[in-house]
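Using only what follows, build the 3D model:
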Amino acid sequence: MSIITNSSFIGGETLSTTDINNKFQDVTDATTTSLNESNFRDQSIDLAQMDSNASHGRSGIQLVTMAHGSVGTSDDLTTSRSYSTSRTGQNLLDAGGTATNLVVNAVLSTDDILRVYYSGRITTTTAITANASDPYSNACWAFWLQWDITDATLTNWTEVPNQGDWNNQITASRYAEPTDVVLSTTNGIASTAIVPHFLHIDDGGSATIQSAAYNNVNGSYFYKNAGGNVTIYGLRIIVGGVYRGVWEQNATGTTRRNYLEYTNDGAYVDTDSDTIAVYNMQIASLIMRTT
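Model (predicted):
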């Protein structure tokens, strides 16, 4: 803060107009040259506002860094790229087929919070016929996050914590991620956004298929780092499917759970020629300090 340095009046001494004018001039000089955005903005946080008690409004969360941009095709409303079915997903590509990502290059320190938000638009195609009787109506696509915390070459991607890679096998040819896992280092769908593949409407007489044309994608992710410092070099969005919701036993046949499941069994989802087109995808990453 600005410091005013001058001598106080001394009791018993005679004051002159010069003494009084000099005192006020000292105040004018200090406030004119030093009270600026640093004083009123950067240094305007006091101890009460820095209190780390999260039970009230003075939680002390500060923005460390932010990165944002477009991934996939260009950020207009017409340029899209189509993706075919894939259990473990595909990185969003630009119009020329090159992988895209968000460069972050920031340290996530112990107790820091990573927040990621992404949104975009999709259209889908399907080969399901209107008179199909199989339970196709819960078919969906999923978007989720990967990060590179190895080096700046952005060639070592892995799922973010609490997000699975769709290798959790339930039974033969059926792989899934549990949807009822709140926190799990290697499984779960913490960063996943779900969009419907299509609507299968059967009123008992005239079944119809309606594509999920021009649907929205909105995803978010929250992670508090309880370990040592982690450098996040980049983030990227993966799209996979077609999945379906099930309530199944695990691979050992002992516990039933809610899953999003991928299967190549045509009795559940016909994935021969299904596609999803993605465009106008935006992503933002924030690192926030809690202590």
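
which SS state does residue 21 fall under?
Secondary structure for residue 21, judged by DSSP: H, G, I helix; E, B strand; the rest coil, is helix.

To clarify, my last question referred to residue 29.
helix.

if I look at it, how far off is residue 85?
72 Å (CB to CB, to the nearest Å). Yep, even glycine has a C-beta here, placed from its N, CA and C like the rest.

Which one's more surrounded, the two?
residue 85 (21 against 14; other CB atoms under 10 Å).

you'd agree the more buried one is up against residue 242?
Yes: Residue 85 lies in contact with residue 242 (CB atoms under 8 Å); the separation is 5.5 Å.

what's next to stretch 178-194, contact-wise?
Stretch 178-194 is contacted from outside by 116, 118, 140-145, 159-165, 168, 177, 217-223, 245, 257-260, using CB atoms under 8 Å, 6 or more residues apart in numbering.

For ChimeraX, write the select line for the buried members of those.
Buried subset of the contacts of stretch 178-194, written as a ChimeraX selection, criterion 16 or more other CB atoms under 10 Å:
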select :116,118,140,141,142,143,144,145,159,160,161,162,163,164,165,168,177,217,219,221,223,259,260
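
Sort out for me which of the contacts of stretch 178-194 are in strands.
116, 118, 140-145, 159, 177, 217-223, 245, 257-260 (DSSP state E).

Quick one: the helices in the protein, in order.
Secondary structure of the chain, counting by DSSP state H: helices at 17-34, 37.

and the longest one, average pLDDT?
Helix 17-34 shows a mean pLDDT of 74.

what does the last one give?
Within the predicted structure, the mean pLDDT of helix 37 is 65.

Check stretch 64-80 too.
Per-region confidence: stretch 64-80 scores 86 on mean pLDDT.

Least confident secondary structure element in this structure?
In the chain, no helix or strand scores lower on mean pLDDT, DSSP states H and E than strand 208-211, which sits at a mean of 60.

related to what we said a few turns ago, in a markdown table: the helices of the chain, plus distance to residue 278.
Formatted as a markdown table, the entries for the helices of the chain read as follows, by distance: least, CB to CB, whole Å:
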| stretch | distance to residue 278 |
| --- | --- |
| helix 17-34 | 52 |
| helix 37 | 41 |
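
Any stretches of the stretch 101-250 of the chain with poor pLDDT?
Within the stretch 101-250 of the chain, the stretches with pLDDT under 70 are 129-137, 200-213.

again, 80 this time
126-138, 171-173, 181-183, 185, 198-214, 249-250 (pLDDT under 80).
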